[in-house]
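> Predicted model follows, preceded by the sequence.
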Amino acid sequence: MPHAPRAEAAQSSGAALELLVHGVGGTTPQEMLGDPRTTRITGDATAAVYRRTEDVGAEQHPERHRDGPIAEAYCWSNLTSGNGARALWLLLLPFMVVNLAHWMRPTAQGQGRAVRLYGILVRLVALSLTVLLTAAACEVALDLVAWQCAGTPECAGQRSWLGFLSTQQDGWFSRPGRRLAVAAFVPAVLVGLLWYLSNRTWSAYESQRPLSWDESDTVAAGADAGEATDVVTRSGAPQVRPALGRPGFWYGRRLVARLRAAHTAAGFLTVAATVSGTAARYDRSSDSPVPAVAGFLLEALLVLCGLVAVAVVCHRGRSERRLDNRIDRALTTFLPGAALTLLVCAVVYAGWSRPGWVSTGTLPGEVAFRALALGQGLLVVLLAAVALSLYRRTPDPRTTLHGLGGPAVAMLACALGGVMTGGVAQRVADWLDGPGTPGMGASAAIPGPPVLLSWQASVIPVLLLLLLPPVIWLAVRTVRRARRLGPEIEAEYEEKHPEPGRTRRIARTRAAAALTDSAPGILGLLSAATLLLGIAAVTGSWLTGEVPGLATDGTGPFVESLAETAQSTGSWLTGFGVILFVTWGRRAYRDVSARRTIGILWDVGTFWPRAAHPFAPPCYAERAVPDLSSRMCAWTASTRGRLVISGHSQGSVLAAAAVWQLPDPVRDRVALLTYGSPIERLYGRWFPAYFGRAPLEGLQRSVHCWRNLWRSTDPIGGPVRIDEGPGHEVDRGPLKDPLVYGRTTRHPLPEPVLGHSDYQADPVFAVERAALLERLGPVVPQQPGAEDRGGAAQGSAGRSWG
């Protein structure tokens, strides 16, 4: 498509503004503005725009800021690392990871069906994770506690809190079905809590309506809903609008509501199936006073409701091309309500009197967990086939793993879910069994969790051993690269008397920063090994029906010791992983610095809307992007001034997304300055459909001017890698880091290696910012009183738009 002609610079008043957006980890407005006295201009305690106190109303006196623009700081760190309750988001890590897989699909133009199939498969994987979490809660509460421990006098006798369920007491609740009915309260509450958190966080974070689009912008006929760019007709001229510029992209209210209803229903149905299935099998296999047809009818209703939930998940239910404010109230109310009603019916059905019923062995969780593992593996394989097909039709050498980044991350989400659920089940079983080892025969007081969980834990040490050689190879390669960089660094600084220690520090920093580009290979190896070892675990548990330590009896001392070592080490590692998550959560709840560190993970993982899993941590960009877009529109409308939005690290991604959302007249007055930006190095490679070469080139053409600063010592930021010809280059770099090699008259003390931080300390920053303001257009004289009107308008408009 021919490039659209660049718009002429709009004439501007004397006012100039720099809107600063911080990166990962967050910072305070005082640090961003370099002044302890700041005033909130617009926003709330969660996210707001600040100025130096002396700059409030500065538009009325532009002559005071001839040396540079007025500085404003947008602080959004509390969206990801605010109060202590957000530390509990660590427990939702698998949901967040699978949600990322949805946005990692390869670029696809004109492949709407394949794109929709990709989305369906990811959403089905996400649904399986909800079922897995609920099944794990059922395994702990219903099987291990209510069925096995409460039904075993040796186990229940050591725990007084199980007395009312124990068969020794022979009370009303001691019947197997009633024990299950009571225990079902635990997983049901867990599902209800997830529903509540999803609904509450959406209202707090993602309910901000984006800017309204001009009705004259129309999408060209034939544009497919699955494509990442639209052909937009504006004033008779076709232009490209990327997906992130669509009016409804950052407002997924309808889709999240639909998915929330389906996942909540799936959770309740999983609990109901566990409770009723056990009672129904007893009614069909013995002379039960409860007619077997009741169990058949209840199970049929559960299957029917489950199929409806799956159908809802498969239906996308979201429109990005318009602000879709509809809520399918009948669906979002009826589906969870129907599932909860069936759960109540299952509890009543299981609690019905069956005098001869005695609990023995375990609940049939082995079959359920095996089916889940096989289903997740099949879905990931199908997802990989679709992703590879999309990539081959539109290949891009910069795309991660040749388009297989999404399937690899989906596999990682399944692995995380398996480790967390298996670790909890095994630790609870060890606790209930006391000195014994669950699953190891006569020495154990209770049978323990499903055999598959032990097999899955046993492959974890094997997986770690497989990762050891590539990690060692990367370390060796980094050391060698640092040695090769030494002469290049000394030549770059033209140092006559180089210091070996100084050179080594700079070289090691540059070599370590390059490790980021090796992450896709490690992830691909990890995901492939996880898939193969998972298949081996399912096969081993299915063929032997025993834990690895017992399954290898008689094979020889060496094999037996290896199996027992792998089983015990894997069980310890899964338990350690769960304890580590809980410890991090408690520390983050009490320690602000630890909370901010954990918040860095969410800065990257929760940028994207919840399009695959509604129980994932909330998307902060659905609040931040409308905030930034509204602020830019309000300020330019009231002052007719020039604006540079200046984003560092993750803030540069937010800045780009906000610029994409601006109407054309506003975008003509806005320049984009990014530094330490992962917009191409990470987002362009991992999310090519949304930040690949075509969308970034479209951004460069649509925004009036854009400059990107980067360093070779930066492990996160990098070049944008687009070039529109002389005079329109985006990248400037690599910048020197450190600024000088040794001591100089201007720098008498050694300068630090800054890496990803303090880009504003480089003199190039101020030069490029001034150049962007210059390119935004000439300054025209204002009419008498215009400055006063502009300044007054800014104050009120800023607060109302926020």
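The structure has been received and is ready for your questions.
> What distance do you get for R483 to W608?
From R483 across to W608, the span is 40 Å (C-beta to C-beta, to the nearest Å). (C-beta placed from N, C-alpha, C; glycine too.)
> Between the two, point out the one with more neighbours.
A direct count of neighbours by other C-beta atoms under 10 Å for R483 and W608 places W608 higher, at 21 against 13.
> Quick check: the more buried one touching N99?
Yes. W608 lies in contact with N99 (C-beta atoms under 8 Å); the separation is 6.5 Å.
> In the protein, spot the helix with the most residues.
helix 451-493 (DSSP state H).
> Following element in sequence after it, please.
Downstream of helix 451-493, the next assigned helix or strand under DSSP states H and E is helix 500-513.
> Packing partners of that next one?
Using 3 or more C-beta pairs under 8 Å, 6 or more residues apart in numbering; DSSP states H and E as the contact criterion, the elements in contact with helix 500-513 are helix 451-493.
> Provide the angle between the direction of the helix it packs on and the direction of helix 500-513.
Inter-element angle recorded for helix 451-493 and helix 500-513: 140 degrees (by axes from the mean of the first three to the mean of the last three C-alpha atoms, to 10 degrees).
> Please state the offset of helix 451-493 from the chain centre?
Distance of helix 451-493 from the chain centroid (C-alpha atoms, centre = their mean, to the nearest Å) equals 25 Å.
> Mind checking the pLDDT average for that helix?
Helix 451-493 shows a mean pLDDT of 92.
> swap in stretch 672-685?
In this model, stretch 672-685 has an average pLDDT of 94.
> end to end, how far does that stretch reach?
21 Å (C-alpha to C-alpha, to the nearest Å).
> in that stretch, what's buried?
672-685 (16 or more other C-beta atoms under 10 Å).
> And the residue nearest to C149 when sequence neighbours are not counted, which helix or strand is it part of?
Spatial nearest neighbour of C149, chain neighbours left out: C155 (4.0 Å); criterion: C-beta to C-beta, 6 or more residues apart in numbering. C155 is part of helix 153-156 when elements are defined by DSSP H and E.
> Only C-alpha atoms, please: export the helix or strand following that helix in PDB.
Sequence order places helix 176-183 as the next helix or strand after helix 153-156, per DSSP H and E. Output of helix 176-183 as PDB, limited to C-alpha atoms (Å, rounded to 0.1, in the frame of the first residue of the first chain):
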ATOM      1  CA  PRO A 176     -19.800 -40.600  52.700                       C
ATOM      2  CA  GLY A 177     -22.300 -38.500  50.600                       C
ATOM      3  CA  ARG A 178     -22.800 -36.000  53.400                       C
ATOM      4  CA  ARG A 179     -19.100 -35.700  54.000                       C
ATOM      5  CA  LEU A 180     -18.700 -34.800  50.300                       C
ATOM      6  CA  ALA A 181     -21.600 -32.400  50.500                       C
ATOM      7  CA  VAL A 182     -19.900 -30.500  53.400                       C
ATOM      8  CA  ALA A 183     -16.500 -30.500  51.700                       C
END
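> Okay, and the closest residue to G403 other than its chain neighbours sits in which element?
Computed as C-beta to C-beta, 6+ apart, the closest residue to G403 that is not its neighbour in sequence is Y391, at 2.8 Å. Using DSSP H and E, Y391 falls within helix 365-393.
> Of all the residues in that helix, which ones are buried?
Neighbour-count burial for helix 365-393 [16+ other C-beta under 10 Å]: 365-366, 368-370, 372-373, 375-377, 379-380, 382-384, 386-391.
> Correct me if wrong: the residue nearest to G403 contacts T400.
No. When contacts are counted by C-beta under 8 Å, Y391 is not listed as touching T400 (10.1 Å).
> Report the contact partners of R508.
A482 (C-beta atoms under 8 Å, 6 or more residues apart in numbering).
> re earlier: the longest helix of the chain relative to helix 365-393, how many degrees between them?
Going by the same axes, to 10 degrees, helix 451-493 makes 40 degrees with helix 365-393.
> Nearest residue to the residue nearest the centre of the chain in space, please, no chain neighbours.
Central residue of the chain (C-alpha atoms, centre = their mean): G605, 2.9 Å from the mean position. Excluding its sequence neighbours, the residue lying closest to G605 (C-beta to C-beta, 6+ apart) is M96, at 4.7 Å.
> Against Q60, how distant is the one you found?
Taken as C-beta to C-beta, the span from M96 to Q60 is 46 Å.
> Between the two, which has more neighbouring residues?
Each of M96 and Q60 has its neighbours counted (other C-beta under 10 Å); M96 has more, 24 against 16.
> Give the buried residues for the helix holding C155.
155-156.
> Which neighbouring elements make contact with the longest helix of the chain?
helix 365-393, helix 405-433, helix 500-513, helix 519-544, helix 548-551, helix 557-590.
> One more pass at 6 Å, please.
Judged by 3 or more C-beta pairs under 6 Å, 6 or more residues apart in numbering; DSSP states H and E, the packing partners of helix 451-493 are helix 405-433, helix 500-513, helix 519-544, helix 557-590.
> Please identify the most buried of those.
A comparison of the helices and strands packed on helix 451-493 by mean neighbour count, using mean count of other C-beta atoms under 10 Å, puts helix 405-433 on top with a mean of 24.
> what angle do it and helix 519-544 make?
Using the same axes, to 10 degrees: helix 405-433 against helix 519-544 is 50 degrees.
> so how far is helix 405-433 from its chain's centroid?
With C-alpha atoms, centre = their mean, you get 18 Å for helix 405-433.
> Quick one: mean pLDDT for that helix?
In the prediction, helix 405-433 has an average pLDDT of 89.
> returning to that earlier point: got the angle between the longest helix of the chain and helix 557-590?
70 degrees.
> Please tell me how far the helix holding Y391 is from the chain's geometric centre.
20 Å.
> what helices or strands is it leaning on?
By 3+ C-beta pairs under 6 Å, 6+ apart, helix 365-393 packs against helix 112-138, helix 405-433.
> Kindly confirm whether my reading is correct that C633 touches P665.
No. With contacts counted by C-beta atoms under 6 Å, C633 stays clear of P665, the gap being 9.3 Å.
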